[in-house]
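1. Pasting the sequence and the predicted model now:
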Amino acid sequence: MAPRKVNKREKREQIIAAAARIFAEQGLQQSTIANIARAADIGKGTVYEYFPSKQALFFAVMEWFQSNIVTEAEPLIEVNGQSEGGAGACLRRYIGQMMGHNDELRELFPLWMEFWSAAGTGEDRQEFAEALRRMYGDFRRHIAGILAEGRRSGEFSDEIEPDTIAAVLAGTLDGLYLQAWFDQTFDPAAAADHFILNLLRGISRQC
């Protein structure tokens, strides 16, 4: 009987998903490759076939996190070069898509803390800091682009500063999930949507 062909991409994603759970539950320092292998239901040696070290696997988890949360929402930004329904509706869709990962993000938010920690300490801090800069940069660029489109179209006031609003919004969403992490009754998605609605009223040219 011929050996079963292994889908390396699926196996890699399986390992990353298991690692994300373990890193979120135990933290980077306390997590072990052995624990991650058990969570992925594979042998420890198999993990090393895909990732040479725990740090390399942690970095892959960081990239996976960005792809699933930030990059996934990109197709909602523009339709044929313009925002469907206007810039305000586009902004709500984009933020809604990101916050739609409510349960997943709440469970994995400790990873975000680990990312920040890795960017500030350790031998690989520069690599992690650069990855975080890219992640936040992508988010701010997407939001600023939507706001700039609204300003050009006359939907938003000429006086708004898209880059500044985008930066503040990034900090706001981080803060909402930080609160949700400590308070299981808090709904960050609902709070974010309410905040966006009030923001849109404030920057509307009709105000």
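-> Looks like it arrived, so ask away.
2. Counting by contacts, list what the lowest-mean-pLDDT helix or strand in the chain packs against.
-> Using mean pLDDT, DSSP states H and E, the weakest-scoring helix or strand in the chain turns out to be helix 102-120, at a mean of 79. Packed against helix 102-120 by the contact rule (3 or more C-beta pairs under 8 Å, 6 or more residues apart in numbering; DSSP states H and E) you find helix 8-30, helix 54-69, helix 125-153, helix 162-182, helix 188-203. (C-beta placed from N, C-alpha, C; glycine too.)
3. Run through who's touching that helix.
-> Residues external to helix 102-120 that are found in contact with it (C-beta atoms under 8 Å, 6 or more residues apart in numbering): 20-21, 23-25, 27-28, 58, 61-62, 65, 68-69, 99, 124-125, 128-129, 131-132, 174, 177-178, 180-181, 184, 187-189.
4. Show me what counts as buried in that helix.
-> Residues of helix 102-120 classed as buried under the neighbour-count rule (16 or more other C-beta atoms under 10 Å) are Asn102, Leu105, Arg106, Leu108, Phe109, Pro110, Leu111, Trp112, Glu114, Phe115, Ala118, Ala119.
5. Give me the contact list for stretch 41-55.
-> Taking C-beta under 8 Å, 6+ apart as the criterion, the residues outside stretch 41-55 that touch it are 8, 11-12, 14-15, 28, 31-34, 36-37, 40, 57, 60, 122, 124.
6. can you check stretch 152-169 too?
-> Applying C-beta under 8 Å, 6+ apart, the external contacts of stretch 152-169 come out as 86-88, 95, 139-145, 147-148, 150-151, 199, 203-205, 207.
7. got it, and stretch 172-187?
-> So stretch 172-187 is in contact with 95, 98-99, 102, 105-106, 109-110, 112, 188, 191-192, 195, going by C-beta under 8 Å, 6+ apart.
8. thinking again about what came up before, turn the helices and strands packed on helix 102-120 into JSON lines, columns for mean neighbour count, mean pLDDT and distance to Thr46.
-> As requested, those are exported to JSON lines (neighbours: other C-beta atoms under 10 Å; pLDDT from 0 to 100; distance: least, C-beta to C-beta, whole Å):
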{"stretch": "helix 8-30", "mean neighbour count": "17", "mean pLDDT": "92", "distance to Thr46": "8"}
{"stretch": "helix 54-69", "mean neighbour count": "19", "mean pLDDT": "86", "distance to Thr46": "12"}
{"stretch": "helix 125-153", "mean neighbour count": "17", "mean pLDDT": "91", "distance to Thr46": "25"}
{"stretch": "helix 162-182", "mean neighbour count": "16", "mean pLDDT": "92", "distance to Thr46": "32"}
{"stretch": "helix 188-203", "mean neighbour count": "16", "mean pLDDT": "95", "distance to Thr46": "36"}
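9. how close does Tyr136 sit to Asp174?
-> 9 Å (C-beta to C-beta, to the nearest Å).
10. Mutual contacts of these two, please.
-> Common contact partners of Tyr136 and Asp174 (C-beta under 8 Å, 6+ apart): none.
11. Many thanks, I have nothing further to ask.
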